[in-house]
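In: give the three-dimensional model of this entry:
(one chain, ligands or ions: 1)
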Amino acid sequence: MLRLYTHSDCLQHDPGHGHAEQPARLSAVLNALDRDRYAALDRIEAPCATREQLLRVHGARHVARILDHVPEPGGIDRLDEDTVMSTGSAQAALRAAGAVVAAVDAVVNGASQRAFCAVRPPGHHATADRAMGFCLFNNIAVAAAHALAVHGLKRIAIADFDVHHGNGTQAIFEHERRVLFVSSHQLPLYPDTGREDECGLGNIVNRGLSPGAGSHEFRELWDGVLLPRMRAFKPQLVLVSAGFDAHRNDPLADIRLGQEDYAWITERLVELARTHAEGRLVSTLEGGYDLTALAESAAAHVDELMTG
Ligand SMILES: [Zn+2]
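Out: So this is what the prediction gives:
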């Protein structure tokens, strides 16, 4: 059984006309998951994250900056060059982080084996103190910290296959041995971190893909390095930063994956979770900016999460 966490509030974060991280991204994913074959999905309204949950990974000033300064209707608040808040952004960000926390509760408590969070804004660039790269709160980091603090887990693996490096997730956990972070991403590319020599306490594993790389290089990195490191760690819970912007049609990067590659990596992660983590896997949407490629890739991901 696969749970799908989402909320209509996540459509209300509006960075403005022409912005790549648009509400239509989430609509495209949800429309794709509206087909008959997804009738069995267990659909859950995402709750809001609490301040206490956010404060496990974010500084008080950052949390207050997002939650206590909501722009007036029609107004826009620019946090950095490409990260913007509208009236609905704080509420969307609370639902996005809250979804992943609730999904962790569900898989750890046994209510569901796996979950996918169809939410936005994305999270993996947000650091403890700073919104950046379209991200306000680091949804997956908030959820991992929740699993450590509330469920007492001792080994959590985060797999990040978004085409951009999850600099925020890395920075939050680089001194936390209970969390393993593995990432494939294009280099060079925003945010220009994620070199191999960034390894934290040995719990950070980065591998870059050169512009133009495709399915072969991607699968080689995961089969040769990233999945073996995850297996050796024997995680009790697998979390996935599922960005679909390494697709060949994505406008923000130059990697040439197809939806079959997303099915492939998902199947591998499901199998790994089954072997080591009692099947427990929570995935959350990060990037993906070509609406058709995003919808098809997310659907391929969900297909494997349902049946894998
Ligand atoms: Zn991305």
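In: use CA for all of it now, contacts and neighbours both
Out: Noted.
In: neighbouring strands - and their directions - for the top strand by length along the chain?
Out: Using DSSP state E to define each element, the chain has its longest strand at strand 179-186. Next to strand 179-186 in the sheet, as set by DSSP bridges, lie strand 156-160 (parallel), strand 204-209 (parallel).
In: hmm, the shortest one in reach of the ion?
Out: No: in this structure, strand 156-160 remains apart from the ion according to C-alpha under 5 Å from the ion; the gap is never smaller than 9.8 Å.
In: whichever helix or strand comes after that strand - contacts with which helices or strands?
Out: The helix or strand immediately downstream of strand 156-160 is helix 167-173, counting by DSSP states H and E. When contacts are defined as 3 or more C-alpha pairs under 8 Å, 6 or more residues apart in numbering; DSSP states H and E, helix 167-173 sits against helix 139-151, strand 179-186.
In: closest one to residue 305 among these?
Out: Across the helices and strands packed on helix 167-173, residue 305 has its closest neighbour in helix 139-151 (17.6 Å, C-alpha to C-alpha).
In: what are the contacting residues of that closest one?
Out: 53-54, 56-57, 96-98, 100-101, 104-105, 108, 122-124, 153-154, 156, 169, 172, 179, 239-241, 284 (C-alpha atoms under 8 Å, 6 or more residues apart in numbering).
In: and that helix, how far out from the chain middle?
Out: Centroid displacement of helix 139-151 relative to its chain, using C-alpha atoms, centre = their mean, to the nearest Å, is 13 Å.
In: among the strands paired with strand 179-186, which is the most enclosed?
Out: strand 156-160 (a mean of 25; mean count of other C-alpha atoms under 10 Å).
In: picking that back up, how about the helices and strands packed on helix 167-173, which one is nearest the ion?
Out: For the ion, the closest of the helices and strands packed on helix 167-173 is strand 179-186, at 8.6 Å, according to C-alpha to the ion.
In: what angle do helix 139-151 and that closest one make with each other?
Out: Angle, strand 179-186 to helix 139-151, by axes from the mean of the first three to the mean of the last three C-alpha atoms, to 10 degrees: 170 degrees.
In: mind checking if the longest strand of the chain is in reach of the ion?
Out: No: counting by C-alpha under 5 Å from the ion, the ion is not contacted by strand 179-186; separation bottoms out at 8.6 Å.
In: surely residue 213 touches residue 256?
Out: Yes: here residue 213 lies in contact with residue 256, judged by C-alpha atoms under 8 Å, at a distance of 6.1 Å.
In: what about the two, which has more around it?
Out: residue 256 (20 against 17; other C-alpha atoms under 10 Å).
In: can you pull the contacts of the nearest residue to that one once chain neighbours are set aside?
Out: Leaving aside its sequence neighbours, residue 256 sits nearest to residue 248 (C-alpha to C-alpha, 6 or more residues apart in numbering; 3.8 Å). Residue 248 is in contact with 254, 255, 256, 257, 258, counting by C-alpha under 8 Å, 6+ apart.
In: from the ion, how far out is the fourth one?
Out: In other words, residue 257. Look at residue 257 and the ion: by C-alpha to the ion, to the nearest Å, they are 14 Å apart.
In: could you do the second one as well?
Out: From residue 255 over to the ion the distance is 11 Å, taken as C-alpha to the ion.
In: isn't that residue up against residue 216?
Out: No: taking contacts as C-alpha under 8 Å, residue 255 lies outside contact range of residue 216: 11.1 Å.
In: who has more neighbours out of the two?
Out: More crowded of residue 255 and residue 216, by other C-alpha under 10 Å: residue 255, with 24 against 11.
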